[in-house]
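Visitor: Output the structure for:
(3 chains)
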Amino acid sequence: MSSATPLLRVEHAGVRYVLRGGGFFAPPRTLDALTDVSIAIPEGGRLGVVGESGSGKSTLARVVLGLVRANSGRVLWEGHVVDYDDAGTMRALRRGMQVVFQDPFGSLDPRMTAGQAVGEALQALAGPVPSVAAQDRIRAALSEVGLGAAFANRYPHELSGGQCQRVAIARATVARPRLLVCDEAVSALDVSVQAQIVNLLHELSERHQMSLLFISHNLAVVRHLCEDVAVLCQGRVVEQGSRDAIFGSPQVQYTRDLLAAVPEPDPALQRARIAAARVQT
Amino acid sequence: MTADALLQVRDLEVDFSTSQGTVNAVAGVAFDVRAGECVAVVGESGSGKTQVLMACLGLLAANGSAQGSVTFAGRELIGAGEQALNTVRGTGIGLLSQDPLSALTPHLRIETLLTEGLLDRGLASRTEARERALRALRDVEIPDPESRLRQYPHELSGGMRQRVALAVALMCSPRLLFADEPTTALDVSVQARVLELLARVRDRGLGVLIVTHDLGVVAGLADRVVVMYAGRIVETATTADLLAMPRHPYTAALLAAVPRLHGAAQARLVGIPGDPPQPAERPPGCAFAARCDFADEHCAQRRPELQQDPYRVAAVACHRPLRAGTEHA
Amino acid sequence: MVETTVAAATGGQGLWGGAWRRLKRSRAALVAAALLLLVCVMALVGPWFSAWSVSQVDWSQATLATPPSLANGHWFGTDANGRDLFVRVWIGTRMSLLVALLATLVSVVIGVAWGATAGYLGGRVDGWMMRFVDVLYALPYMFFVIILTVVFGRSLVLIFLAIGAVGWLTMARIVRGQALALRQREFIEAAIALGLPAGTIIARHIVPNVLGTVIVYATLTVPQVILFESFLSFLGLGVQEPLTSLGRLVAEGALEMETSPWLLLAPSAVLATILLCLNFLGDGLRDALDPRQRR
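Guide: Okay, the predicted model is just below:
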């Protein structure tokens, strides 16, 4: 694989849900969650996917991970088309690609300690690992995300949101994936904790040459973390480009509107925005 | 403070009795809200800001108890019985909750949700109530209000639901509006609309008390800000003063942690290392000392009291407050 | 929220530890547990205290059926055949508890496996599996049991199986509901993203998280099973002589109610105690295992 081949490429992906309901005889209604979506992530690169709720960004994450089947289009991993039905391909894919979800408490099994959660991922992805070596790797993974050895025995309900999310990151990175998919991974965190986790993700990405697919509705965070950005609106990519291009000179009105709406702790700016909202109606 | 304060909170303390003993969630909180002004209580998870709101309306959990004084238009709310509180809820103080989907009863039509407060209290006849409901929907700029009355909450978009929830809160003409994280569950594009409506509520002469962790909301809407950390107030100031010249290190650090759209896209955001202390683990000194860049041993031993600034409408609880002009990231 | 942050301060204790602590706080549940323990102990050792055995007839009294008295050693009296009731009550309790526990175990094992699998797999498989449950529900189980008894004769094993075969249906439904809800949680998606096979996910992630509900419903199932067994005994289909169960004793006592009321009172009191205690314990367990820890 040449350095020019992107690590992950999605080509013209489409996801269509068939909705039931509407009476016994009504024709089934369809909902297009994604339409003709194409993105690419280079090795070690960080792509931010932004959009509002309903834009399809979470669906895109799930298509890439294989949790949702695309009805059209294809996904290429390391230059080869992924066959999501083939068990061997999937095993290799899972080792190469992991995920961190939005809800820090919901993404961890409440009945497992942090150490057990990370250990399970280690055995499933890089196993079988003998137990002494496994303990070492678990401890190393936790310490890399900033959690001391004592945290291995804690349960999710005994941890703060930020700590839970660190455990989730440790679990996702213990087997050294080449791509980490972050689905609104910092959206449920306080601002000060969000900053810590964003920094952690940046550090891990740089240190291990790990690519990031960072899904978020928070454009300001994306601006700090990602070099490339794709903007989704109602299942379509409306604009895509480097960070400077998107934030500096957005071409599409939707992107401009999104940028204009981001709250900033600047009174003059905010009051102007609110006044503008008044004029609009 | 002044005589025309709609809401006066003094020495508010909230405790919860748990299996581990009594846990203190909020202590020593005091502030005012006047008519025609918007006060924002800002804090992160665990700061106790939501409990302050709940304590004022008597909505604490069963194992919670509030002490101190909360007077609304001269009436004491702490310790008041359910009946007394019910005369204040709705007609005196309206509440706008965080998640409109769970705040609006799913099986009731919008018309019922809007008119039940009036009809239950016998404040209006059915036709009058319907008229006022239509007017309320127009006030919050819901298009085609007549057909909306017959709809159910799940048929509306998130932004519209929140506007309906606002209309419900204002139906019985309260003088004060409490808003608990009003824009957190909404998309960015509709946040400005909801904030604009809240600004209009304030301009109409109501007092507005907003609880939020979003400094952007604070910047656009609030006249004064109260910053809470670990259950206590650490700083109060006017919005402009707070955002331009924060005195407390926590406020400054919080501002520095917000990612910006403008300015240099630094690779590293400035987080605050560590976590806020658990309620049971609060140190004897300043609760923020362990995470503060400027703390010394004195800070860790003696808890700073909230001190009024002699020159401005502001107060800060810090042994070593930042001087104006201090660079902070 | 405050509860969880306080728990965090102590650190390292699991959800079971927290549940045990909460259970200890419920006085009703503790008293119920203590009483149940007493009943179990008596069922095991009670008969040793008495000089009589379970089918031994006492010819020395004036009539065969005598009321309870401390003097002649028949502390609960004797029945119409002259047998000591004290011993028979405790032997009967043994049998009832054994049947109840084993039958509940069978229904828990089958019900949890069935329900967790159906709820997790969802879709058409779930549909077929639960339709099967619905069909079984609709069958008149009494006919079922009677036919089985006719075909295989009256045996203890049959009783267990018959009761267990009915008990698992409700458990399956309850577990399926919980599994459906759990399926949507992100930690299950994370497990799928790890590439874990469905069986492992069900066993390792779904079942432990429904165990709380299962335990509560199991304690509430045991009374139902005891009553069902009593009903079978009442009809003559249950446990046969010389073994006896609380149900049989109640049935026999009911016949002699007017002349020898103690024959009904003693076994009924023990049965009622067991049922009440199990209900209180079930309530206490439900509160203790309430996963309010989830934020």
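Visitor: Longest helix in the chain, please.
Guide: By default, I'm working from chain A. Among all segments of chain A classified by DSSP state H, the helix with the greatest residue count is helix A:191-208.
Visitor: Please refer instead to chain C.
Guide: Under DSSP H, chain C gives helix C:85-121 as its longest helix.
Visitor: can you give me the strands for chain B?
Guide: B:5-18, B:21-34, B:38-42, B:64-72, B:75-76, B:93-96, B:176-180, B:207-212, B:224-229, B:232-238, B:307-308, B:315-316 (DSSP state E).
Visitor: returning to what we had before: if you count contacts, what does the longest helix of chain C end up packed against?
Guide: Judged by 3 or more Cβ pairs under 8 Å, 6 or more residues apart in numbering or on different chains; DSSP states H and E, helix C:85-121 is in contact with helix C:27-49, helix C:123-138, helix C:156-183, helix C:198-201, helix C:207-234, helix C:246-255, helix C:262-288. In this view, the C-beta of every residue, glycine as well, is placed from N, C-alpha and C.
Visitor: hmm, back to that, what's the first helix or strand after the longest helix of chain A?
Guide: Heading C-terminal from helix A:191-208, the first helix or strand you meet, by DSSP states H and E, is strand A:211-216.
Visitor: For residue C:109, find the nearest of the helices and strands packed on helix C:85-121.
Guide: For these, proximity to residue C:109 was assessed by Cβ to Cβ; helix C:156-183 is nearest, at 8.0 Å.
Visitor: what pLDDT, on average, does the helix or strand hosting residue C:17 get?
Guide: Element membership for residue C:17, per DSSP H and E: helix C:15-25. In this model, helix C:15-25 has an average pLDDT of 73.
Visitor: Please tell me how far whichever residue of the stretch 101-250 of chain C sits closest to chain B sits from residue C:119.
Guide: Nearest residue of the stretch 101-250 of chain C to chain B (Cβ to the nearest Cβ) works out as residue C:184 at 16.3 Å. As judged by Cβ to Cβ, to the nearest Å, residue C:184 and residue C:119 stand 11 Å apart.
Visitor: same check, this time on residue C:180
Guide: 4 Å.
Visitor: before we move on, what about residue C:33?
Guide: Applying Cβ to Cβ to residue C:33 and residue C:119 gives a distance of 31 Å.
Visitor: Between these two, tell me which one has more neighbours.
Guide: When residue C:33 and residue C:119 are compared for neighbours, residue C:119 comes out ahead with 26 against 19, by other Cβ atoms under 10 Å in any protein chain shown.
Visitor: That one against residue C:173, yeah?
Guide: No. The criterion here is Cβ atoms under 8 Å, and residue C:119 misses it with residue C:173 at 9.7 Å.
Visitor: Okay, helices next: where are they in the stretch 101-250 of chain A?
Guide: Remark: helices assigned in the stretch 101-250 of chain A by DSSP state H, counting those that start in this stretch are A:114-126, A:131-144, A:161-173, A:191-208, A:219-225, A:243-248.
Visitor: Next one: the shortest one, is it in contact with chain B?
Guide: So that's helix A:243-248. Yes. Using Cβ under 8 Å from any Cβ of the partner chain, helix A:243-248 reaches chain B at A:243, A:247.
Visitor: Can you name every helix or strand that that helix contacts?
Guide: Packing partners of helix A:243-248 (3+ Cβ pairs under 8 Å, 6+ apart): helix A:219-225, strand A:228-233.
Visitor: again with the fourth one
Guide: Contacting helix A:191-208 under the criterion 3+ Cβ pairs under 8 Å, 6+ apart are the following elements: helix A:161-173, strand A:179-183, strand A:211-216, helix A:219-225, helix B:249-257.
Visitor: got CSV for these, with mean neighbour count and mean pLDDT too?
Guide: Converted to CSV, the helices and strands packed on helix A:191-208 look like this (neighbours: other Cβ atoms under 10 Å in any protein chain shown; pLDDT from 0 to 100):
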stretch, mean neighbour count, mean pLDDT
helix A:161-173, 26, 94
strand A:179-183, 25, 96
strand A:211-216, 25, 95
helix A:219-225, 23, 91
helix B:249-257, 23, 90
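Visitor: In the chain, where is pLDDT below threshold?
Guide: You didn't say which chain, so I picked chain A. Scanning chain A for pLDDT under 70 picks out the ranges A:1-3, A:21-23, A:278-281.
Visitor: you looked at the wrong chain, it should be chain C
Guide: Checking chain C against pLDDT under 70 turns up C:1-15, C:290-295.
Visitor: In space, not sequence, find me the middle residue of it.
Guide: For chain C, residue C:222 is the residue whose C-alpha lies nearest the centre (Cα atoms, centre = their mean; 1.6 Å).
Visitor: Distance of it relative to residue A:197?
Guide: Relative to residue A:197, and taking Cβ to Cβ, residue C:222 is found at 48 Å.
Visitor: ok, now residue B:242?
Guide: Taking Cβ to Cβ, one finds residue B:242 at 26 Å from residue A:197.
Visitor: now residue C:217
Guide: 40 Å.
Visitor: So for the two, which residue has more residues nearby?
Guide: residue A:197 (26 against 22).
Visitor: Which residue, other than its chain neighbours, is closest to that one?
Guide: Excluding the flanking residues, the one nearest residue A:197 by Cβ to Cβ, 6 or more residues apart in numbering or on different chains is residue A:186, at 5.2 Å.
Visitor: dump the residue contacts of the residue of chain A found nearest chain B.
Guide: Going by Cβ to the nearest Cβ, chain B is nearest to residue A:263 of chain A, at 2.2 Å. Residue A:263 sits next to A:270, B:188, B:191, B:214-217, B:219-220 when contact means Cβ atoms under 8 Å, 6 or more residues apart in numbering or on different chains.
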